[in-house]
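Participant: below are the sequence and a predicted model for it; my questions follow.
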Amino acid sequence: MEYKIIEQNKKKFTIDLGLRAGHDNTAKISSVSDIVDWYTDWQIERADKGLPYFSGIVLEAQFVYAYKKDLKVIGDNEPSARVEGEISSEYHQDFFDDDEKIISIILDLAKKLGTLANQERVHVEYGDKIYLLEKL
């Protein structure tokens, strides 16, 4: 089979969020399949309204961290998901150079996923910046 090669510009983003609600090890854990379903729903909702959306992949991951409790350092981990998405110059040419618009769309997705997964924090990376969404 032969392929035609098409070169285009793109920008990437990541959204990292835990799957366990809160900090209690016995709390409800969402699945990576839940994240995929919610991400797909977000795309469909935006497409139905004529709004731009971004494609991507969802990966299973683990947050690994340490913290101090009662003068003792504890190591822990938490099941998480990573969304790796892209903004292509082919499909998003109307606003490809508008980073403010792009980040507002990415943050909309991050807020939706974080809310549905009942997360205290959601980590977003776009360009050379990191955004931390903290639940109020």
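Facilitator: Noted; the coordinates are in hand. Numbers count the residues shown, from 1 in each chain.
Participant: name the element the residue most central in space within the chain belongs to?
Facilitator: What sits nearest the mean C-alpha location of the chain, by CA atoms, centre = their mean, is residue 15, with 2.5 Å. Element membership for residue 15, per DSSP states H and E: strand 10-18.
Participant: coming back round to it: the residue nearest to the centre of the chain: what's it in contact with?
Facilitator: Contact analysis of residue 15 by CB atoms under 8 Å, 6 or more residues apart in numbering lists 82, 83, 85, 106, 109, 110, 113, 122, 123, 124. Where C-beta positions appear, they are placed from N, C-alpha and C, glycine not excepted.
Participant: quick one: the first one and residue 49, what's the gap?
Facilitator: In this view, residue 82 and residue 49 are 26 Å apart by CB to CB, to the nearest Å.
Participant: who's more crowded, these two?
Facilitator: residue 82 (18 against 8; other CB atoms under 10 Å).
Participant: please enumerate the strands of this structure.
Facilitator: Listed in chain order, the strands of the chain (DSSP state E) span 10-18, 55-69, 72-88, 121-126, 129-134.
Participant: phi, psi for residue 7 please.
Facilitator: phi -100, psi 140 (degrees, to the nearest 10).
Participant: quick one: pLDDT of it?
Facilitator: Note on residue 7: pLDDT of 89.
Participant: and residue 63, by the same measure?
Facilitator: For residue 63, the model assigns a pLDDT of 92.
Participant: let me see the contact set for it.
Facilitator: Residue 63 is in contact with 16, 18, 77, 78, 80, counting by CB under 8 Å, 6+ apart.
Participant: so what's the residue nearest to residue 16 when sequence neighbours are not counted up against?
Facilitator: Spatial nearest neighbour of residue 16, chain neighbours left out: residue 123 (4.2 Å); criterion: CB to CB, 6 or more residues apart in numbering. Contacts for residue 123 were tallied using CB under 8 Å, 6+ apart; they are 14, 15, 16, 17, 130, 131, 132, 133.
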